[in-house]
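Trainee: Quick one: sequence plus predicted model below, questions after.
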Amino acid sequence: MAREWFVSDRIWVQEVDGGPYEPMDRSAEPEHWLRNVHSNRVIVTQFDDGATSWPEVGYRPTCSASMPSAVAGMLDALDISSGQSVLEIGTGTGYNAALLAELVGVRGKVTTIEIDADLAATARARLEAAGYGHVAVVVGDAAGMAVTEKFDRVIATAGVHLGQLPVGWLESTRIGGVILAPMRADLASGPLVRFEVERDGVGRGHAVRGLRVGFMELRSHRVAALPFDGLRWDDPAADRSITEVSPFKMLIDEASRWAVAVAVPSCRYSLEKKTPERDHGVAWLSDPVSGSWVSVVPDNRSRYTVRQSGPRRLWDEAEAAFRWWRRHGEPPLEAWHWTVAPDRQTVALA
């Protein structure tokens, strides 16, 4: 199936990993556009819920064609059979819905929910043009969906915050069915969790081994960030202490960052490299709710200087969680066990 059938003529692409988004117009650069669409890159088709117009680059990507490798990995983990019914959360471009329809075949059924009415209308038109007009495209907020039928598979293409997987998804899944969702916390994203709904109506699962994904959050799960550029890393009014724990080790390693994320809610991070004006990097933590923040910088004795401000002692919380993770043998993401029930949601070491 051609990916270009579902990609806008005007897009944004990061042609270098970690580089800036570059606007691209199919009519002006047809070969360049097609080369990127055929690559294993994320193709952004909307910024800021449509408030930013091409070619301007917005703050937050809000619709994209996901990396083909991630799409293939998720479909493999979903383990779809011909004739099954699938509910997709987040229609986006419509490409994934078309792939799902191909996998379930003529005896199967695909329903896809999109909160953005304009995106839904565009995806519906593209699906019809590609021969998948039988896919049901529904406009609505999947975070608060009402249960109307049961599905064999539920797949989310939007990030779901820890402890907030909508109960309606669970209630929409048949016993023995599967929910596949990219889970995240304020501090970390990445675990793609495969839940199996058991006879007691509870979904239990683990992170899919070897597959990491990063998706835009469900709109109702978005949390504002505390801008770090308005803070001074060497603020003399902040409380100062010394630690031997490297914040860079803590926050770069996905396993340790996840352990901290579980234990320290409402916390974001940023890592700054050294600059010509500053001969060291800076690790930041912040809580946008309380306004608390932390800066951590290396000193000259293999230790780190910590500055904390605000009512929360964010570094103390993060360091305690990091040491707990080490005491438990530095478990990877796959070692965590996830449970979703109508009255509770938990994540704990298996």
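Mentor: Yep, that arrived.

Trainee: Summarise which helices and strands the helix or strand harbouring residue 345 is packed against.
Mentor: Using DSSP states H and E, the element containing residue 345 is strand 344-349. In terms of contacts (3 or more Cβ pairs under 8 Å, 6 or more residues apart in numbering; DSSP states H and E), strand 344-349 is packed against strand 336-341. Every C-beta, even on glycine, is put in place using the N, C-alpha and C of the backbone.

Trainee: Helix or strand for residue 137, just tell me which one.
Mentor: strand 136-139.

Trainee: which other residues reach that strand?
Mentor: 91, 94, 97, 109-115, 117, 120, 123-124, 127 (Cβ atoms under 8 Å, 6 or more residues apart in numbering).

Trainee: try stretch 268-282
Mentor: By Cβ under 8 Å, 6+ apart, stretch 268-282 touches 186-187, 225-226, 228, 233, 248, 251-252, 257, 283-288, 295-298.

Trainee: ends of it, how far apart?
Mentor: Start-to-end span of stretch 268-282 (Cα to Cα, to the nearest Å) is 14 Å.

Trainee: Flag every buried residue along it.
Mentor: 268-270, 272, 281-282 (16 or more other Cβ atoms under 10 Å).

Trainee: Off-centre distance for that stretch?
Mentor: 25 Å (Cα atoms, centre = their mean, to the nearest Å).

Trainee: do stretch 236-256 as well
Mentor: Worked out by Cα atoms, centre = their mean, stretch 236-256 lies 24 Å from the chain centre.

Trainee: just for this structure, where's the confidence low?
Mentor: 190 (pLDDT under 70).

Trainee: Tell me where it has helices.
Mentor: In the chain, helices defined by DSSP state H lie at 30-37, 68-78, 95-104, 117-129, 167-171, 247-252, 254-263, 314-327, listed in chain order.

Trainee: other SSEs contacting the third one?
Mentor: Contact analysis of helix 95-104 by 3+ Cβ pairs under 8 Å, 6+ apart lists helix 68-78, strand 85-89, strand 109-114, helix 117-129 as its packing neighbours.
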